[in-house]
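[1] when you get a sec, could you give me coordinates for this:
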Amino acid sequence: TKEAKQALFDVIRKVNKDFDGGKVNRVQAASWIIKWFKQNINSSRIIEIRADHFDEVSVLESILRRAKETGEVPPELKGMLQKQLGLNDTAKRKSKKSLKNDVINDDIEADGES
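    Alright, predicted model coming up:
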């Protein structure tokens, strides 16, 4: 980007100012910065980089891909999708009645009479 190019130019200018032992060029400065960053990167910087490059569409595509593979949508997203369509929580399917222990299948005759 223009901003990155300008930042690199500023770094090179600062490094080369009053440096009588040589001259650092763009490739050398960028290589040094990358190697230094590799040695000094931490989890908070990784999160910062990810936040700067977060793409909602990529996240949705990833969730859709996983949902197609597993057949499951994360509950939070499912709720948001239902809300988007104007569906409320009370419109969910009614739960099936639980089985009762007072009937044994062997007691029921094949023709339906007991």
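
[2] distance check, the residue nearest to the spatial centre of the chain against residue 70.
    Centroid check for the chain by Cα atoms, centre = their mean gives residue 59 as the closest residue, at 5.4 Å. With distances taken as Cβ to Cβ, to the nearest Å, residue 59 is found 16 Å from residue 70. C-beta here means a position set from N, CA and C on the backbone, and glycine is covered the same way.

[3] where along this structure do the helices fall?
    Here the chain has its helices, by DSSP state H, at 2-16, 26-40, 43-52, 56-70, 75-84.

[4] turn these into a markdown table, columns for mean pLDDT.
    Output for the helices of the chain, formatted as a markdown table (pLDDT from 0 to 100):
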| stretch | mean pLDDT |
| --- | --- |
| helix 2-16 | 97 |
| helix 26-40 | 97 |
| helix 43-52 | 96 |
| helix 56-70 | 93 |
| helix 75-84 | 89 |
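
[5] hey, C-alpha coordinates of stretch 22-33 in CSV?
    Taking Å, rounded to 0.1, in the frame of the first residue of the first chain, the C-alpha atoms of stretch 22-33 are listed here in CSV:
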residue,chain,number,x,y,z
GLY,A,22,27.0,1.7,4.1
LYS,A,23,23.5,2.2,2.8
VAL,A,24,20.4,0.2,3.5
ASN,A,25,18.0,-0.3,0.6
ARG,A,26,14.3,-1.3,0.6
VAL,A,27,14.8,-5.0,0.3
GLN,A,28,17.4,-5.1,3.1
ALA,A,29,15.3,-3.0,5.4
ALA,A,30,12.1,-5.0,4.7
SER,A,31,14.0,-8.3,5.1
TRP,A,32,15.4,-7.2,8.5
ILE,A,33,12.0,-6.0,9.7
